[in-house]
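Asker: Got a predicted structure plus its sequence, pasted below:
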Amino acid sequence: MDLNNLLIDVKEILDADGDYTNLLNQEIYAPSIQIDRRNVYFILHHVNNEGIIEKSLVVYENRLTAGDFEAQATMDDRDSTLLVGELNERNNDALAKRFQWIRPTSRRNYKYTFGLGDRLGNASNAHLRLFKGRGIMPVLAQQSIRELVLMHRTNTDVFQSASWAVFEEGFTYGWGADGDHVKTPYEVDYAVKIGCSMITLDCTDEINNDIVELNDDDLDQRFNQLDPDQIKYFNDTYLNKTFDLGDGRSVKFTKHDVEESALTFYDAILFATTIYNKFVVPYNLDFEISMDETPYQTTNPNHYFFANELNRRGITPVTMAPRFYGEFQKAIDYIGDTERFEREYVIHEAIAEHFGYKLSIHSGSDKLSVYEIIGRVSKQHGWHVKTAGTNWLEALRVIAHKDPKFMLELYKFSYENLDDVKDFYVFNAQTNGTAPKPEDMNTENVMDLLDDDDARQILHTMYGSIMNLKHNYHYVYRDKLWNILLKNQALYDRYLNIHIAEHLDLLQGVVKTKDEAREKYEPKSDISKESAAELQATSKD
Ligand SMILES: O=C(O)[C@@H](O)[C@H](O)[C@H](O)C(=O)CO
């Protein structure tokens, strides 16, 4: 890299007065340019022989202060120094001292927030470009412990890729980092120490799911084994009480509701209280409590009970994720009666409003049939939607488009090894059921895999096995997959954009139905999604 030329670029930036449209050096990624007094910072994009973008950080700063950057090359210019460095952790820390906005911030006071969960670590730039001007705060770094383990990633890695994307896109509006689905104090501690602004405490292991299966006599018997004081407290507080939530909305507790709520959820409430006192208060975290990955629905009384017991202990989470009526399975649309969903969602919303937090929607990817309801009912108070890393499926869409034979191989492997993930995920797709059989798939119909519910779930959950399969000490698929993806980043960005824009438009009421969203972003009439995305990607290049 010629530092003399780079110095000329820096001077051009300083003289440009904020208009970077016609910079001589087209490798300068204009959205990344930051000027602070006479100091200049930006990212260079160099496209290598293989068509892959290589990125470097360029800093022009006073010589006396620039010492905390790690440089690969430097050149002095009077009292300043020009340096080029890698996008690594040390340089990220140095930048964060200068630009606080590259660190995550609290979701409090943002009405609408949206969790993205970039599984591979190269989706955040496209996401940020989509979120600019939308009035929705993106939660970029959001990987569950399960995802970290299966993908062989660390929270540092997830955090770093998000923070660099924020700097690169000049996204100064605030972003979140979520220690997602943490279940133990150890996992919470890990997320906190890495700098997450939020934790999602997954209470699944503290929720007593067997209670729901008891008949009324057995339930009563179990309840009566509690200490008399405890029984008296639960009955005095809830039994046959109706709690008014305003606007004609209320929650009523029958004997069954009281006993079921207490026996199912009280352990989880005590656990959440411990985590709150040990971590949420001292580290000023956004607190989300999730109970969505349980086998049973969270009824309106269950939800009220949980919230009221937290409230008694002085705890108001920022968001809460009940398991709503119907099925919110990963990577596919809502399954269930949408009218009943709305009736019950309205009460969940009223409970959240009453206690002062927002509802969080899990699993929030692809629920195109209910976003209009959620967006409308929660419009005044706000929402958090947590998608489930479906950017991974958009990455596979790129693979299917660019190398259909390879995609067929990946699907066959996933289909034949689905048992790998049965302990980690709950999903409908079964290889002895309706999932497309690998022998029926070919290069003509391979793209259908990314639109078929069963195939989507198989591919969505098998990411870890695909990425980490080794033979003879080498990755079987990982390197090839990365190579295709990095060479086609613009196409990947377009697919990501289409995927998430459909979610946001429905939630924000820009379009009203799934069909409208699909027609807007994937017009069937004239051109296929694949060609539309490719056309837009190449016209941008
Ligand atoms: O795969 C995962 O563990 C995550 O993507 C998880 O599903 C996600 O964070 C979520 O909970 C969406 O509701």
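Answerer: Cool, got the structure.
Asker: what's around whichever residue of the stretch 401-541 of the chain sits closest to the ligand, how many residues?
Answerer: Closest to the ligand within the stretch 401-541 of the chain is residue 425: 7.0 Å, counting by C-beta to the nearest ligand atom. Where you see a C-beta, it was placed from the backbone N, CA and C, and this is true even at glycine. By other C-beta atoms under 10 Å, the residues close to residue 425 number 19.
Asker: so it makes contact with residue 461?
Answerer: Yes. Between residue 425 and residue 461 there is a contact under C-beta atoms under 8 Å: 4.5 Å.
Asker: if I look at the residue of the stretch 401-541 of the chain closest to the ligand, how far off is residue 296?
Answerer: 17 Å (C-beta to C-beta, to the nearest Å).
Asker: returning to what we had before: shared neighbours, residue 425 and residue 461?
Answerer: Shared contacts of residue 425 and residue 461, defined by C-beta atoms under 8 Å, 6 or more residues apart in numbering, comprise residue 330.
Asker: Which other helices and strands does the lengthiest helix in the chain contact?
Answerer: For the chain, the helix with the greatest residue count under DSSP state H is helix 255-275. Contacts defined by 3 or more C-beta pairs under 8 Å, 6 or more residues apart in numbering; DSSP states H and E place helix 255-275 against helix 185-194, strand 198-202, helix 216-223, helix 228-238, helix 300-312.
Asker: Dump those into JSON lines; add mean neighbour count, mean pLDDT and distance to residue 486 as well.
Answerer: Below are those laid out as JSON lines (neighbours: other C-beta atoms under 10 Å; pLDDT from 0 to 100; distance: least, C-beta to C-beta, whole Å):
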{"stretch": "helix 185-194", "mean neighbour count": "17", "mean pLDDT": "96", "distance to residue 486": "25"}
{"stretch": "strand 198-202", "mean neighbour count": "28", "mean pLDDT": "97", "distance to residue 486": "30"}
{"stretch": "helix 216-223", "mean neighbour count": "14", "mean pLDDT": "97", "distance to residue 486": "56"}
{"stretch": "helix 228-238", "mean neighbour count": "14", "mean pLDDT": "98", "distance to residue 486": "56"}
{"stretch": "helix 300-312", "mean neighbour count": "22", "mean pLDDT": "98", "distance to residue 486": "44"}
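Asker: Could you point out which of those sits nearest residue 325?
Answerer: helix 300-312 (9.6 Å; C-beta to C-beta).
Asker: from the chain's centre, how far out does that closest one sit?
Answerer: Here helix 300-312 shows a centroid-to-chain-centroid distance of 26 Å under the convention C-alpha atoms, centre = their mean, to the nearest Å.
Asker: related to what we said a few turns ago, pull out the buried residues from the longest helix of the chain.
Answerer: Within helix 255-275, the residues scored as buried using 16 or more other C-beta atoms under 10 Å are 257-266, 268-269, 271-273, 275.
Asker: Then stretch 321-338?
Answerer: Buried residues in stretch 321-338, defined by neighbour count with 16+ other C-beta under 10 Å: 321-332, 334.
Asker: Surely the residue of the stretch 401-541 of the chain closest to the ligand forms part of a helix?
Answerer: No. Using DSSP: H, G, I helix; E, B strand; the rest coil, the assignment for residue 425 is coil, not a helix.
Asker: per-residue confidence at it?
Answerer: pLDDT, residue 425: 93.
Asker: cool, residue 523 as well?
Answerer: 80.
Asker: same question, residue 527
Answerer: For residue 527, pLDDT reads 53.
Asker: Repeat that for the one 4 residues further on.
Answerer: What the model reports as pLDDT for residue 531 is 67.
Asker: got a list of what residue 289 touches?
Answerer: 200-201, 203, 272, 306, 310, 317, 319-321.
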